[in-house]
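> 3D, please:
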Amino acid sequence: MRVERLEREYEIDVDWQPYELHPEFPAEGIDRGGSGRRSPMYERLREMAREAGLTFQPSTHVPNSHRSLEAAEFAREHGAFAPYHRSLFDAFFSRGRDIGDVKVLTELGEAAGLDAGALEQALTSKRYAALVDQRTAEAKRSGITGTPTFVFRSGEREFPMVGAQDYAVFENVAQRMGAGKRTENLEPRTEGSYRRP
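The predicted structure is shown next:
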């Protein structure tokens, strides 16, 4: 991912936060058939995925993202956010899996080293639901209305950027905000939660 590359190459820290874009979706998600899959936006996302060496093949089923955001908070609390975050992106965008399904989320959790039973219990009891709602409300109050939204901060300066962007755009903004190049490439320390449309 471009954000992980930016974190490897520049002296920045990434903090992913949850944001539910479509709270109006039913818990089981919605089916859109083939609608939109040939749109310019989808073609742009496919091209960006190809450039990054990834496959972009989402399902025509659009899940309600609330459970995946809750699962990511569980992963954060249990020290496995980064691998779980990557697995959610891969499952949805590359393999067309339903990341609103508890079974899929626990399977991904187990693969990321999490206790699948504990994750399932957290999801069925909605342990992280209020936290996801609270963070989404905070983001909306700060003016965020879409995903992905990237907010660059340096001291008192802040620069929000909406939408998937080329790496050069990320790099340019990071430099303008004063981020220096790392002298050595470090493993990404991505923290936070998963934002998806």
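> so where is the chain shaky, pLDDT-wise?
33-39, 41, 45, 48-49, 51-54, 184-197 (pLDDT under 70).
> if you set the cut-off to 90 instead, what comes out?
1-5, 13, 21, 31-62, 89-90, 92-96, 146-148, 155, 162-167, 183-197 (pLDDT under 90).
> could you pull out the strands for it?
15-16, 19-20, 30-31, 61-62, 149-154, 157-162, 191-192, 195-196 (DSSP state E).
> how about these in a markdown table, adding mean neighbour count and distance to Val102?
C-beta coordinates here come from the backbone N, C-alpha and C atoms, glycine included. Formatted as a markdown table, these follow (neighbours: other C-beta atoms under 10 Å; distance: least, C-beta to C-beta, whole Å):
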| stretch | mean neighbour count | distance to Val102 |
| --- | --- | --- |
| strand 15-16 | 14 | 22 |
| strand 19-20 | 24 | 17 |
| strand 30-31 | 12 | 18 |
| strand 61-62 | 18 | 15 |
| strand 149-154 | 16 | 27 |
| strand 157-162 | 12 | 31 |
| strand 191-192 | 16 | 22 |
| strand 195-196 | 22 | 17 |
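> looking at those strands, spot the one closest to Arg141.
Proximity to Arg141 (C-beta to C-beta) singles out strand 19-20 among the strands of the chain, at 12.0 Å.
> contacts for that closest one next, please.
The contact list for strand 19-20, computed with C-beta atoms under 8 Å, 6 or more residues apart in numbering, reads Ser65, His66, Leu69, Val132, Asp133, Arg135, Thr136, Ala139, Ile144, Thr147, Thr149, Arg195.
> quick check: closest non-adjacent residue to the second one.
Spatial nearest neighbour of His66, chain neighbours left out: Glu20 (5.6 Å); criterion: C-beta to C-beta, 6 or more residues apart in numbering.
> tell me what the one you found is bridged to.
According to DSSP bridges, the partner residues bridging Glu20 are Arg196.
> for Met161, see how far away it is.
20 Å (C-beta to C-beta, to the nearest Å).
> could you do Tyr84 as well?
In terms of C-beta to C-beta, Tyr84 sits 24 Å off from Met161.
> for Met1, same thing?
For Met1, the distance to Met161 - C-beta to C-beta - is 15 Å.
> same deal with Gly79?
For Gly79 relative to Met161 (C-beta to C-beta), the value is 29 Å.
> ok, now Arg176?
11 Å.
> can you check Arg5 too?
16 Å.
> got it, and Gly29?
For Gly29 relative to Met161 (C-beta to C-beta), the value is 28 Å.
> so what's Ala116 up against?
With C-beta under 8 Å, 6+ apart, Ala116 has these contacts: Thr106, Glu107, Gly109, Glu110.
> now, of those, which are buried?
Neighbour counting over the contacts of Ala116 (16 or more other C-beta atoms under 10 Å) leaves Thr106, Glu107, Gly109 as the buried ones.
> I appreciate the help and will end here.
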